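Visitor: quick one, fold the following:
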Amino acid sequence: MPTRQVVKTDKAPPPLPVYSQAIICNGMVYCSGQIALNPQTMAMVEGGIADRTCFKNLSAVLEEAGSSLENVVKVQVFLTTMENFSAMNGVYEKFFKDPKPSRTCVAVKELPMRTDVEIECIAHL
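Guide: Below is the predicted model of the structure:
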């Protein structure tokens, strides 16, 4: 039976009691969705969607797990409106080099703390 290891860092917002920031299992890191919450102040990052992308928080969780954004194989992006699709893509390209990870991007009705973007990912160690 595979073992699961919890990943927790104070360099990203703390998880609610019902989930973990990430789980390592069989050499893979499964990161929970991150919103652009400043982990020191617990305030939402100000600005447009380009300012609020969640890659800094995801990167901190991946680094705590012994991985990095370079090892990401799958990304799931949740937007509250597809009007932000192009702006999100502009930031996304700054964080991922070729070959880029596989990705899903969907529009949802609402996200936690009324943010407009949440991103989760899967990476290898």
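
Visitor: ok, the closest residue in space to Asn84 that isn't next to it in sequence - contacts?
Guide: Distances taken as C-beta to C-beta, 6 or more residues apart in numbering put Ile49 closest to Asn84, at 4.4 Å, once the chain neighbours are dropped. No exception for glycine: its C-beta is placed from N, CA and C like everyone else's. By C-beta atoms under 8 Å, 6 or more residues apart in numbering, the contact list for Ile49 reads 79, 84, 87-88, 91, 116-117.

Visitor: by neighbour count, which of these wins?
Guide: In terms of neighbour count, Val117 stands highest of the contacts of Ile49 at 24 neighbours, by other C-beta atoms under 10 Å.

Visitor: any idea how far that residue is from Gly27?
Guide: 28 Å (C-beta to C-beta, to the nearest Å).

Visitor: returning to that earlier point: tabulate the contacts of Ile49 in a markdown table, adding columns for pLDDT, secondary structure and distance to Asn71.
Guide: Shown next, in a markdown table, are the contacts of Ile49 (pLDDT from 0 to 100; DSSP: H, G, I helix; E, B strand; the rest coil; distance: C-beta to C-beta, whole Å):
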| residue | pLDDT | secondary structure | distance to Asn71 |
| --- | --- | --- | --- |
| Leu79 | 97 | strand | 24 |
| Asn84 | 95 | helix | 26 |
| Ala87 | 94 | helix | 25 |
| Met88 | 95 | helix | 21 |
| Val91 | 93 | helix | 19 |
| Asp116 | 94 | coil | 27 |
| Val117 | 95 | strand | 22 |
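
Visitor: can you list those residues in JSON lines and add distance to Pro13?
Guide: Converted to JSON lines, the contacts of Ile49 look like this (distance: C-beta to C-beta, whole Å):
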{"residue": "Leu79", "distance to Pro13": "19"}
{"residue": "Asn84", "distance to Pro13": "21"}
{"residue": "Ala87", "distance to Pro13": "22"}
{"residue": "Met88", "distance to Pro13": "19"}
{"residue": "Val91", "distance to Pro13": "19"}
{"residue": "Asp116", "distance to Pro13": "16"}
{"residue": "Val117", "distance to Pro13": "14"}
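
Visitor: ok, these vs Glu70, which is closest?
Guide: The closest of these to Glu70 turns out to be Val91 (C-beta to C-beta; 16.6 Å).
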